[in-house]
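Chemist: Predicted structure and sequence below. I'll ask about it afterward.
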Amino acid sequence: MSTFRRGLAAFGIGAVMVTCLSTTAVASAGAEEPASAHRATGTLAEYNGRTINLARDWEGADYCIEETAAKFRCVDLPAAEFGAAAIQDCREGSLCLWDNRNYQAAGLELRSSRRHDLADHGFRDRANSVYNYRESNSRLIDLRSAPVSDREYTVTAGGKLWDLGQIVYPGGGNWNNKIDVVVLN
Ligand SMILES: [Ca+2]
Ligand SMILES: [Ca+2]
């Protein structure tokens, strides 16, 4: 078990996800769906003994994990693991996203089978690599404004996308920093 995992195991305080917070502004650019049309409720997470709202600010946290559908917590990663070793920290049954390619920089680990609005988790338009360490396919969605339909990419069970910059985006470009919603089946 890695140092990081042991730290997680020792960390017992839960967090609560609430749905009654006011809308939080979300960065949006170009033809992306405007933030004003988007309801971000904000996911609360336990981090260093306090509660933070991921939609507003990760406050320096390196890795935020969904323990249950209503319980998130964030941790700091040892410097040695804040990089190539990060993919090993993605647990079986999770879909993990990282801010940089090759599973580096800040990471978000999701586990519940549902639609995850990444704005709630403070991770909209950020993911550059993905690991779907699950037994079923998952859907990665970029929300668009009508008449342009939302874009979608299916990552297969066990699929590793080390560089979303290599995944062709419909209409041009690539999938870097575009994912707004993840659907876990
Ligand atoms: Ca990024
Ligand atoms: Ca997007």
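Modeler: Arrived safely. Ligands and ions are numbered 1, 2, ... in the order given.

Chemist: where's the residue most central in space within the chain relative to residue 130, distance?
Modeler: The residue lying closest to the centre of the chain (CA atoms, centre = their mean) is residue 108, at 4.0 Å. Going from residue 108 to residue 130 by CB to CB, to the nearest Å gives 10 Å. Quick note: C-beta positions are derived from backbone N, CA and C, even for glycine.

Chemist: now swap in residue 139 and tell me
Modeler: Residue 139 is 11 Å from residue 130, by CB to CB.

Chemist: So the two - more neighbours on which side?
Modeler: residue 130 (25 against 16; other CB atoms under 10 Å).

Chemist: Name the nearest residue to the more buried one, sequence neighbours excluded.
Modeler: residue 161 (4.4 Å; CB to CB, 6 or more residues apart in numbering).

Chemist: likewise residue 174?
Modeler: In space, residue 174 is closest to residue 165, 4.8 Å off (CB to CB, 6+ apart).

Chemist: Overlap of the contact sets of residue 108 and residue 130?
Modeler: 96, 97, 98 (CB atoms under 8 Å, 6 or more residues apart in numbering).

Chemist: out of the residues you listed, which one sits closest to residue 53?
Modeler: For those, the minimum distance to residue 53 (CB to CB) is 18.5 Å, reached by residue 97.

Chemist: quick one on the thing from earlier: let's see which of the shared contacts of residue 108 and residue 130 end up in strands.
Modeler: Secondary structure defined by DSSP state E assigns 96, 97, 98 of these to strands.

Chemist: The second one and residue 125 touch, don't they?
Modeler: Okay, so that is residue 97. No. If you go by CB atoms under 8 Å, residue 97 and residue 125 don't touch, sitting 11.3 Å apart.

Chemist: Give me the common contacts of the two.
Modeler: Common neighbours of residue 97 and residue 125 (criterion: CB under 8 Å, 6+ apart): 118, 179.
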